[in-house]
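> Below are the sequence and a predicted model; questions follow.
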Amino acid sequence: MSISSSIKSIQDIMRKDVGVDGDAQRIGQLVWMLFLKIFDDREQEWELLEDDYESPIPEALRWRNWAADPEGITGDELKKFIDNELFPELQELLGREGDQRAVVIRNVFKDAYNYMKSGQLLRQVLNKIQDAVDFNKARERHAFGDMYEQILRDLQNAGNAGEFYTPRPVTEFMVNRVDPKLTDRVMDPACGTGGFLTCAIEHKRKNYVRNPEEEQALQGSIFGVEKKPLPHLLATTNMILHGIDVPSNIRHDNTLSRPLRDWGPKERVDVIVANPPFGGMEEDGIETNFPTAFRTRETADLFMTLFIHLLKPGGRAAVVLPDGFLFGEGMKTRLKEKLLTECNLHTIVRLPNGVFSPYTTIKTNLLFFTKGQSTEQVWYYEHPYPKGVKNYSKTRPMKYEEFTPEIAWWGCEADGFVSREQNAQAWTVSIEEIKARNYNLDIKNPHVGEQVSHDPDELLQAYARQQQDMAAIRDQLKDILNAALSNNGCKVS
């Protein structure tokens, strides 16, 4: 059975259960089970590689001892075991002193729930998961990845989940351009399900890991924080799936709830890759963790202030932001001034409509900057649709290969991007012009014709011109009608 068929079959079973309400709950139910299955498969590896390996999970609670046997406990017995033994013990799991794997498991189950009411249906789901794929068979590891991608797609379609996720081609391109080296500390302070971090792991392994010592260096270089329980559970599972044996650096927390001044120099990072939630508002009081000039309840703006603060001198960042950040005023103007003063905002890639459809139609941009040197000029690159494509869709999503022209054009930051040239897609704007525009970064491509502007001042000016044109046409019509009716002694007022 294919991976997508297995997932559909599991969800069809869950739909029969009266305790599971909606796609988000079904996914949450599936993922904690999948986590235990993946962890048990990885434990089989660790038992072979580590002579003194000891599981942090009590023997009776290990997947192999209660879930793996298709003829194992079921019905009320299974339901009582999960509710009264499995969850309570894993939520309070201590393990051996200093055992970080136990901490990871405890954090995963802290906010997990067993929604299912039927022990018989639970057994059917467990058997489907057990049969779906064996993580320890090399040929099936890719299938596990396919299963995970299917879960993410289902989560995207869960309207009550309140989340949308960055397309993989975008995350791959952003990571490729910031090029995290082996020992670079890579962080996503709003990591969601861990898409940027898994791309960073794959990038490091492909380009910089050559021996076990270098793999160990990679293991401790990935950091993420996610405040919502289900994405955090998915992120932790994703890390294990991508070979991070102890993903203790993936924390369940709200990064913004910590005062900015409390982030010390030792916590600075080399690389930030992120798509901070935009369009949302933080709870009252969060803004007081930030300096007065940068206080707002808008989530994306607070994260941008944090990103600048968290980077080491010379640290690189790639961030997804909406058009509203580029043309926004007030606090956004001060934030952009800070960004351009403390960092070299060397590149803005402007994405076309539909990259995040159907989850949002807001136009987005990729901002690339390096901390420690002020901006002298900003290069813009307008990413076009592929030939023959008018919009992205589920059947025609964006592909990584579309970024090949950007990569070929990119050049090297160390030499000031001297190889870059303006073309139909690329243009440069000096810092003097940006300052003259009051830090409005919503600058149109000068190589193409009239475009839709999102600048409020430009929109108001265009509206005023339209009103003037309409008034002139109205006056002309009055004159024509008056002339036509003058012989009858009538007048149009």
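Looks like it arrived, so ask away.

> And the strands in the stretch 101-250 of the chain?
For the stretch 101-250 of the chain, the strands defined by DSSP state E, counting those that start in this stretch cover 186-188, 222-226, 250-252.

> which residues in the stretch 351-493 of the chain form helices?
For the stretch 351-493 of the chain, helices defined by DSSP state H, counting those that start in this stretch occupy the ranges 404-410, 431-436, 456-485.

> same deal with the stretch 201-350 of the chain?
Assigned by DSSP H, counting those that start in this stretch, the stretch 201-350 of the chain shows helices spanning 212-219, 229-241, 299-310, 323-327, 331-342.

> what pLDDT, on average, does the longest one get?
Translated: helix 229-241. If you average the pLDDT over helix 229-241, you get 88.

> and that helix, what does it pack onto?
Where contact means 3 or more C-beta pairs under 8 Å, 6 or more residues apart in numbering; DSSP states H and E, helix 229-241 is packed against helix 23-49, helix 100-110, helix 138-156, helix 195-207, strand 222-226, strand 250-252. In this view, the C-beta of every residue, glycine as well, is placed from N, C-alpha and C.

> let's go with 7 Å and repeat that
Contacting helix 229-241 under the criterion 3 or more C-beta pairs under 7 Å, 6 or more residues apart in numbering; DSSP states H and E are the following elements: helix 23-49, helix 100-110, helix 138-156, strand 222-226, strand 250-252.

> Save the ones you listed as JSON lines, and put in mean neighbour count too.
As requested, the helices and strands packed on helix 229-241 are arranged in JSON lines below (neighbours: other C-beta atoms under 10 Å):
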{"stretch": "helix 23-49", "mean neighbour count": "19"}
{"stretch": "helix 100-110", "mean neighbour count": "20"}
{"stretch": "helix 138-156", "mean neighbour count": "17"}
{"stretch": "strand 222-226", "mean neighbour count": "24"}
{"stretch": "strand 250-252", "mean neighbour count": "21"}
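
> between the ones you listed, which gets nearest to residue 325?
When the helices and strands packed on helix 229-241 are compared by C-beta to C-beta, strand 222-226 sits nearest residue 325, at 21.0 Å.

> and the closest one, how far out from the chain's middle?
Chain-centre distance of strand 222-226: 11 Å, with C-alpha atoms, centre = their mean, to the nearest Å.

> now swap in stretch 393-407 and tell me
17 Å.

> Any idea how many residues pack against residue 193?
Close neighbours of residue 193, defined as other C-beta atoms under 10 Å, add up to 27.

> mind listing what it touches?
By C-beta atoms under 7 Å, 6 or more residues apart in numbering, the residues touching residue 193 are 152, 165, 231, 234, 235, 238.

> For it, which non-adjacent residue is spatially closest?
Leaving aside its chain neighbours, residue 193 sits nearest to residue 234 (4.0 Å; criterion: C-beta to C-beta, 6 or more residues apart in numbering).

> my guess is the one you found contacts residue 32, does it?
No - with contacts counted by C-beta atoms under 7 Å, residue 234 stays clear of residue 32, the gap being 10.3 Å.

> Outline the domain layout of the chain.
3-134, 163-436, 456-488 (automatic domain parsing).

> ok, of these, where does mean pLDDT dip lowest?
Among those, domain 456-488 carries the lowest mean pLDDT, at a mean of 69.

> Give me the neighbour count for the residue lying closest to residue 372 once chain neighbours are set aside.
Nearest residue to residue 372, sequence neighbours excluded (C-beta to C-beta, 6+ apart): residue 313, at 4.0 Å. By other C-beta under 10 Å, 10 other residues sit near residue 313.

> Make sure residue 313 is actually in contact with residue 371.
Yes - contact criterion C-beta under 7 Å: residue 313 and residue 371 qualify, at 6.0 Å.

> For beta bridges, what are the partners of residue 365?
For residue 365, the beta-bridge partners are residue 321, residue 350 (DSSP bridges).

> Tabulate the helices of the stretch 201-350 of the chain (CSV), appending mean neighbour count.
Formatted as CSV, these follow (neighbours: other C-beta under 10 Å):
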stretch, mean neighbour count
helix 212-219, 14
helix 229-241, 24
helix 299-310, 23
helix 323-327, 20
helix 331-342, 18
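
> what about those helices, which gets the closest to residue 26?
Across the helices of the stretch 201-350 of the chain, the minimum distance to residue 26, taken as C-beta to C-beta, is reached by helix 229-241, at 11.1 Å.

> ok and that closest one relative to helix 100-110, angle-wise?
Computed with axes from the mean of the first three to the mean of the last three C-alpha atoms, to 10 degrees, the direction of helix 229-241 lies at 150 degrees from that of helix 100-110.

> picking that back up, of all the helices of the stretch 201-350 of the chain, which lies closest to residue 479?
Here helix 323-327 is closest among these (C-beta to C-beta), at 40.1 Å.

> How far off centre is that closest one?
Put simply, helix 323-327 sits 19 Å off its chain's centre (C-alpha atoms, centre = their mean).

> From one end of stretch 325-339 to the other, what's the distance?
Stretch 325-339 has its terminal residues 12 Å apart, counting by C-alpha to C-alpha, to the nearest Å.

> Next, the contact list for residue 289, please.
Contacts of residue 289 (C-beta under 7 Å, 6+ apart): 256, 257, 258, 259, 260.

> same thing with residue 438?
So residue 438 contacts residue 333 (C-beta under 7 Å, 6+ apart).

> Next, give phi and psi for it.
In terms of degrees, to the nearest 10, the main-chain angles of residue 438 are phi 60, psi 40.

> any idea how far residue 343 is from the nearest residue to residue 273 once chain neighbours are set aside?
Counting by C-beta to C-beta, 6+ apart, residue 273 lies nearest to residue 196, which is 4.2 Å off, once chain neighbours are set aside. As judged by C-beta to C-beta, to the nearest Å, residue 196 and residue 343 stand 19 Å apart.

> buried stuff in stretch 176-189?
Within stretch 176-189, the residues that qualify as buried are 176, 177, 178, 180, 184, 185, 186, 187, 188, 189, counting by 16 or more other C-beta atoms under 10 Å.

> pretty sure the fifth one contacts residue 221?
Yes - applying C-beta under 7 Å, one finds residue 184 in contact with residue 221, separated by 6.4 Å.

> got TSV for the domains of the chain, with distance to residue 445 too?
As requested, the domains of the chain are exported to TSV (distance: least, C-beta to C-beta, whole Å):
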stretch	distance to residue 445
domain 3-134	39
domain 163-436	5
domain 456-488	15
